[in-house]
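[1] predicted model follows, preceded by the sequence.
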Amino acid sequence: MVDPGTMSTWAARCLGETGRMVVSAALCVLCASALGVAAPAHAGGIDRLNQFTTDTRTMRGEFDQKIYDRSRRVTQESKGTLAFSRPGKFRWTYAKPYSQVIVGDGAKVWIYDEELNQVTVKKLDLALGSTPAALLAGNNEALMAFTLRDEGAKDGLEWVEAVPKDKEGNFERIRIGFGANGPEAMELADSFGQTTVLRFTKLQRNPNLDAATFRFTPPKGADVIGDQ
């Protein structure tokens, strides 16, 4: 079970602990065959990220996640689904090993831990800040919260690094890797020495998403804490 005190999952991080949330996460532009967008033949990571932010209004897909400690030992593995509608609306669902839902409705972020029967709420502008969610579900202005740097090709992917300008957060840097079919990997290094590695699959660009996807009503009897 995720320790609500340490808030080590990405959901908690989006709320200011470390920011693994959905979503909330910085993705790159998809290649022409996947996006239907003519990307430059030699576009770097920054160009792909900018084009993704400009041309992708909605997205959904699946992810696998591993968290490593300072010794590169795996301390947590999980998987689930993601969806977003720009700007500021997203849904990040953990299916395994524990059920957890993170929803940004455009005004607030809701984190529901089913096992604890607890909902944490925070205003969207405060929750996003310099987190990966600002890159994923935000707009071009959100990119201004980061210092971006192309890292070139490695392991068959084109990489870009995003360093939050706000040094008060717990994320030290975010790396996004682009493959032939679009965003394939993201690495998030936090101030606790942990590294979260995400692998994305089955991504669909600009699908029609039900508005209800980005609404959340706390279950009856759940404890609700935070900015209601």
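    In hand now; what should we look at?
[2] contacts and neighbour counts: CA atoms only from here.
    Will do.
[3] just the CA trace of stretch 144-160, in CSV.
    C-alpha atoms of stretch 144-160 as CSV (Å, rounded to 0.1, in the frame of the first residue of the first chain):
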residue,chain,number,x,y,z
MET,A,144,8.1,27.9,-19.4
ALA,A,145,8.3,26.3,-15.9
PHE,A,146,11.1,24.1,-17.2
THR,A,147,14.6,24.5,-18.6
LEU,A,148,14.7,22.2,-21.6
ARG,A,149,17.8,20.5,-23.1
ASP,A,150,18.2,18.1,-26.0
GLU,A,151,20.1,15.0,-24.9
GLY,A,152,20.5,13.3,-28.3
ALA,A,153,20.0,9.7,-29.1
LYS,A,154,20.5,6.8,-26.7
ASP,A,155,19.1,3.2,-26.6
GLY,A,156,17.3,3.9,-29.8
LEU,A,157,15.3,6.9,-28.5
GLU,A,158,15.7,10.6,-28.8
TRP,A,159,15.8,12.2,-25.4
VAL,A,160,15.0,15.6,-24.0
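[4] please renumber the chain so that the first residue is 277 from this point on.
    Let's use 277 as the start, then, which means that last one is stretch 420-436.
[5] name the residues that touch it?
    With CA atoms under 8 Å, 6 or more residues apart in numbering as the test, stretch 420-436 has contacts from 320-322, 405-406, 437-442, 451-455.
[6] same question, stretch 463-477
    By CA under 8 Å, 6+ apart, stretch 463-477 touches 294, 296, 337-346, 446-452, 459-462.
[7] just the buried residues from these, in PyMOL please.
    A single PyMOL command selects the buried members of these (16 or more other CA atoms under 10 Å):
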select buried, resi 294+296+337+338+339+340+341+342+343+344+446+447+448+449+450+451+452+459+460+461+462
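[8] the helix or strand of the chain with the lowest mean pLDDT: what's the following helix or strand?
    When the helices and strands of the chain are scored by mean pLDDT, DSSP states H and E, helix 308-311 comes last with a mean of 28. Next helix or strand after helix 308-311 toward the C-terminus (DSSP states H and E): helix 321-331.
[9] that next one - what's its average pLDDT?
    Averaging pLDDT along helix 321-331 yields 77.
[10] quick one: distance of it to the chain centre.
    15 Å (CA atoms, centre = their mean, to the nearest Å).
[11] buried stuff in it?
    Within helix 321-331, the residues scored as buried using 16+ other CA under 10 Å are Gly321, Ile322, Asp323, Arg324, Leu325, Asn326, Gln327, Phe328, Thr329.
[12] tabulate the residues you listed in JSON lines, adding columns for distance to Asn393.
    Below are the buried residues of helix 321-331 laid out as JSON lines (distance: CA to CA, whole Å):
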{"residue": "Gly321", "distance to Asn393": "40"}
{"residue": "Ile322", "distance to Asn393": "40"}
{"residue": "Asp323", "distance to Asn393": "42"}
{"residue": "Arg324", "distance to Asn393": "39"}
{"residue": "Leu325", "distance to Asn393": "36"}
{"residue": "Asn326", "distance to Asn393": "38"}
{"residue": "Gln327", "distance to Asn393": "39"}
{"residue": "Phe328", "distance to Asn393": "36"}
{"residue": "Thr329", "distance to Asn393": "34"}
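[13] and the furthest pair within the residues you listed?
    Gly321 and Thr329 (12.3 Å; CA to CA).
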